[in-house]
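S.K.: Sequence and predicted model, in that order:
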Amino acid sequence: MITKDLQNKILSALQQQRENFTGSDAKYSISIGINAAQYSRIKNGDTDKVLSDGQWITLARKLGVNPNSADEWKTANTPIFQYITTQLELCQRESQTGLLCDRAGIGKTYTAKYYARTHKSVCYIDCSAVKTKQRLIRHIAKEFGVGSVGRFDDVYDNLVFFIKSLPTPLIILDEAGDLSYEAFLELKAFMNKIEFACGWYMMGADGLKEKIRRSIECKKVGYTEIFSRFGDRYGKVIPFDTKECERILQASAVMIIKANSETADINTLLRKSVGDDNMPSLRRIYREIAKERMTV
């Protein structure tokens, strides 16, 4: 059962996101997966039997609202967060492209989602959930509030037209290595359609770099062009030097712990976050803090 307190948290997050959404209420309702009449009612405080529990949970997930915790996750301004945010700002402001391939568990996804929630005309896509060309394009259309059902060609053309009408849109492709070959080819064609009208930022772990490198070496059609559109270089936050890598990850972990816990023993949490490579994982830090909160 969805409590009134959780509904209020979701409504607050909706209001914040709506301020950063470029488009009408009708388009915004499409982007969050409810109809315009439902959005109009809950926006005005009428929540009684308007949405099902499943719809409320879906909204909470999309908006990053945690139904099991009264404490919101506080963003720490780590070196990693600063680097990726600066990259995203540049890509959006100047309609450029960026490609980030770096180790897992450093906060790439968190930073990208946070940026998308707090900036206008930004579309965050988890490519692991939309691997095919149809699902990819339709999901981008939905996130921008353009109709995502009907003939694919109509959805495609409407999306191109709408993106070109926005001042400085940005599309973030996370877990991009999970896209199918067909989706990569469609991505190349789609980028051609909106060239200079939209910024792009592609992210993934080291597997994405290997997939692109191997496909180019095998002369697989499309990958050389995609790599060229993303600047012919792999961006990286974490340095190769082991000591420097450990220093940055530890400093970032400490900043996250201090921002999100007043009672945690920092050294204990750091030890729990270390993996087989003796490096802290910021993802594991999140899990350890979440477990600590449950015991308080």
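M.R.: Nice, I can see it.
S.K.: switch to C-alpha atoms for all contacts and neighbour counts from now on
M.R.: Noted.
S.K.: For the worst-scoring helix or strand of the chain on mean pLDDT, buried residues please.
M.R.: With mean pLDDT, DSSP states H and E as the measure, the helix or strand of the chain carrying the lowest mean pLDDT is helix 282-295 (a mean of 78). By neighbour count on 16 or more other CA atoms under 10 Å, the buried set for helix 282-295 is 282, 284-286, 288-290, 293.
S.K.: could the residues you listed be laid out in CSV, adding distance to Tyr39?
M.R.: Converted to CSV, those look like this (distance: CA to CA, whole Å):
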residue, distance to Tyr39
Leu282, 36
Arg284, 36
Ile285, 36
Tyr286, 32
Glu288, 36
Ile289, 34
Ala290, 31
Arg293, 33
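S.K.: before we move on, the earlier item: show me what the least confident helix or strand of the chain is in contact with.
M.R.: For helix 282-295, the surrounding residues in contact (CA atoms under 8 Å, 6 or more residues apart in numbering) are 105-107, 249, 252-253, 256-257, 260-261, 264, 269-270, 272-273.
S.K.: Which ones among the residues you listed lie within helices?
M.R.: Counting by DSSP state H, the contacts of helix 282-295 place 249, 252-253, 256-257, 260, 269-270, 272-273 in helices.
S.K.: Show me just the buried residues among those.
M.R.: Using 16+ other CA under 10 Å as the burial test, those include 249, 252-253, 256-257, 260, 269-270, 273 as buried.
S.K.: can you tell me which two in those are farthest apart?
M.R.: Based on CA to CA, the longest span within these runs between Leu249 and Asn260 and measures 16.6 Å.
S.K.: residue furthest from the geometric center of the chain?
M.R.: Asp48 (31.0 Å; CA atoms, centre = their mean).
S.K.: roughly how far apart are Arg93 and Val122?
M.R.: 11 Å (CA to CA, to the nearest Å).
S.K.: higher neighbour count, the two?
M.R.: Using other CA atoms under 10 Å as the criterion, Arg93 and Val122 rank with Val122 on top: 27 against 15.
S.K.: where do the strands sit along the stretch 51-200 of the chain?
M.R.: Along the stretch 51-200 of the chain, the segments classed as strands by DSSP state E, counting those that start in this stretch run 97-101, 122-126, 170-174, 199-204.
S.K.: I'd like to know which of the ones you listed is closest to Ala189.
M.R.: Across those, closest to Ala189 is strand 199-204 (CA to CA), at 13.7 Å.
S.K.: Look up the closest residue to the residue nearest the centre of the chain, ignoring the ones flanking it.
M.R.: Against the mean C-alpha coordinate of the chain, by CA atoms, centre = their mean, the closest residue is Lys113 at 3.5 Å. Among residues not flanking Lys113 along the chain, Tyr124 sits closest, at 6.5 Å (CA to CA, 6 or more residues apart in numbering).
S.K.: Show me the shaky parts of the stretch 51-200 of the chain.
M.R.: Across the stretch 51-200 of the chain, the ranges flagged by pLDDT under 70 are 67-71.
S.K.: which stretches of it form helices?
M.R.: 53-63, 79-94, 108-118, 133-143, 152-165, 181-193 (DSSP state H, counting those that start in this stretch).
S.K.: Reformat these into JSON lines and put distance to Ser12 next to each item.
M.R.: Listed next are the helices of the stretch 51-200 of the chain as JSON lines, based on distance: least, CA to CA, whole Å:
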{"stretch": "helix 53-63", "distance to Ser12": "10"}
{"stretch": "helix 79-94", "distance to Ser12": "24"}
{"stretch": "helix 108-118", "distance to Ser12": "13"}
{"stretch": "helix 133-143", "distance to Ser12": "19"}
{"stretch": "helix 152-165", "distance to Ser12": "27"}
{"stretch": "helix 181-193", "distance to Ser12": "34"}
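S.K.: quick one: which of these is nearest Trp73?
M.R.: Of all the helices of the stretch 51-200 of the chain, helix 108-118 comes closest under CA to CA, at 10.6 Å.
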